[in-house]
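Undergrad: Sequence first, then the predicted structure:
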Amino acid sequence: MKELSLHILDIVQNSIEANAKNIYLEIRKDLQKGILYIIIKDDGKGMSKEILEEIKNPFFTSRTTRKVGLGVPLFYELVKNCGGEVKINSEVGKGTEIYAEVPFLCVDLPPMGNLSGTILGLIVTNPDIDFEIKIVKNGDEVNISTKEIKRSIDIPINSPEVISFLKEFLNENLGGW
Amino acid sequence: MKKLTLEDLKKIKEKTQAELEMRSPEGKDKIVVHMGTCGIAAGARETLLAILDEIEKRGLKNVVVTQAGCIGLCEYEPLISVQKVGGPKVLYKYVTPEKARKIIAQHVVNGQVVSEDVLSTE
């Protein structure tokens, strides 16, 4: 995948497919340490120890539609090749947490790419999921809570008016990676 | 006999619009974008963003866009399915952003299936 935001989208898809109702996504760039942190937490169905041990194996998947599961292994290899680290904690019935830290000056690390489009797509196509999103870069912090957005508007979060508003807000605030 | 006035028509329009907006997702046209790893790698995010852009530009309030995972047809990604209210579910293959815009204009808005891009119909 050519963009880091596509890897993030792919990992968040796992939370969605695990029937999470709440998903927390944090992307934080620490300029002093030169580290990019990516944290994804969900309250989905979680994984057993046996599945967790196999999660970095591309020839393992819990799905029945195909025989490979590439999302986590691709992300893991990318971070590992840059000297970073991925930690995954999960508990059946409680959820999963993925914590990754990677040196952002690594030449093998793809650019962040279209993060605003990634977040827009996630929010609008999953109106029943509450997303808490925290983006910290260059001293700026952007927080998005879809629970709060839903509470403050009386039209669906996937209606054309809200798509328009979110698009403008995300494009203005999530550029410059 | 009471005649239908312009005011009556306005009221009907308002009532219909309110009803349309109150419809549950089951009463709306559905578009599903397949967003498994294979779909994302093949460009599904750009396809999804083109669809959202068309919905926004055209003000399509009776359309719901959702996402689904891989269905094992990775070689045809990006895949989307379109189901208009009361109509069949049409699965489209190799849906680039340009094709997605055409599918919205031709199928979702005007009800004509884009037959050359159809993979299957249920």
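TA: Looks like it came in fine. Note that this is a predicted model, so its numbers are computed, not measured. Residues are numbered from 1 along each chain as shown, chains lettered A, B, ... in the order given.

Undergrad: Look at residue 70 and say how many residues are nearby.
TA: All of this refers to chain A. By the criterion of other CB atoms under 10 Å in any protein chain shown, residue A:70 has 20 neighbours. The way it works is simple: take the backbone N, C-alpha and C, and place the C-beta from them, glycine included.

Undergrad: wait, I meant chain B there
TA: For residue B:70, the count of nearby residues is 25 (other CB under 10 Å).

Undergrad: distance of it from chain A?
TA: According to CB to the nearest CB, to the nearest Å, residue B:70 stands 6 Å off from chain A.

Undergrad: quick one: that residue and residue B:41 touch, right?
TA: No. Applying CB atoms under 8 Å, one finds residue B:70 not in contact with residue B:41, separated by 10.8 Å.

Undergrad: who's in contact with the residue most central in space within chain B?
TA: The centre of chain B sits closest to residue B:31, judged by CA atoms, centre = their mean, with a distance of 4.1 Å. Counting by CB atoms under 8 Å, 6 or more residues apart in numbering or on different chains, residue B:31 touches B:51, B:63, B:64, B:65, B:66, B:80, B:81, B:82, B:108.

Undergrad: quick one: contacts for residue A:116?
TA: Residue A:116 is in contact with A:167, A:170, A:171, A:173, A:174, A:175, counting by CB under 8 Å, 6+ apart.

Undergrad: State the helix or strand in which the third one lies.
TA: Looking back up the chat, that one is residue A:171. Using DSSP states H and E, residue A:171 maps to helix A:160-173.

Undergrad: for the record, mean pLDDT for that helix?
TA: What helix A:160-173 shows for mean pLDDT is 92.

Undergrad: Just the residues contacting that helix, thanks.
TA: Contacts of helix A:160-173 with the rest of the structure, by CB under 8 Å, 6+ apart, involve A:116-117, A:119-120, A:123-124, A:135, A:142, A:149, A:153, A:155-156, B:52, B:55-56, B:58-61.

Undergrad: Okay, the closest residue to residue A:84 other than its chain neighbours and chain B: tell me how far apart.
TA: Once flanking residues are discounted, residue A:84 sits nearest to residue A:102: 3.2 Å by CB to CB, 6 or more residues apart in numbering or on different chains. Residue A:102 sits at a distance of 19 Å from chain B (criterion: CB to the nearest CB).

Undergrad: Just say helix, strand or coil for residue A:102.
TA: Here residue A:102 is recorded as strand under DSSP: H, G, I helix; E, B strand; the rest coil.

Undergrad: what's around it, how many residues?
TA: Neighbours around residue A:102, by other CB under 10 Å: 24.

Undergrad: What of residue A:98?
TA: Residue A:98, neighbours per other CB under 10 Å, totals 24.

Undergrad: Name the next helix or strand downstream of the helix or strand bottoming out on mean pLDDT in chain A, please.
TA: Within chain A, no helix or strand scores below helix A:49-54, which has a mean of 82 by mean pLDDT, DSSP states H and E. Next helix or strand after helix A:49-54 toward the C-terminus (DSSP H and E): helix A:71-81.

Undergrad: Return the alpha-carbon coordinates of that next one using CSV.
TA: These are the backbone C-alpha positions of helix A:71-81, laid out as CSV (Å, rounded to 0.1, in the frame of the first residue of the first chain):
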residue,chain,number,x,y,z
GLY,A,71,-3.9,-6.5,7.0
VAL,A,72,-1.9,-6.8,10.2
PRO,A,73,1.1,-8.7,8.7
LEU,A,74,1.6,-5.9,6.1
PHE,A,75,1.4,-3.2,8.8
TYR,A,76,3.7,-5.2,11.2
GLU,A,77,6.3,-5.7,8.5
LEU,A,78,6.2,-2.1,7.5
VAL,A,79,6.8,-0.9,11.1
LYS,A,80,9.4,-3.6,11.8
ASN,A,81,11.4,-2.7,8.7
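
Undergrad: Are that helix and chain B in contact anywhere?
TA: Yes. Counting by CB under 8 Å from any CB of the partner chain, chain B is contacted by helix A:71-81 at A:71, A:74.

Undergrad: which is the next helix or strand following the helix or strand bottoming out on mean pLDDT in chain B?
TA: Lowest by mean pLDDT, DSSP H and E among the helices and strands of chain B is helix B:6-22, with a mean of 57. Scanning forward in sequence from helix B:6-22 by DSSP H and E, the next helix or strand is strand B:29-34.
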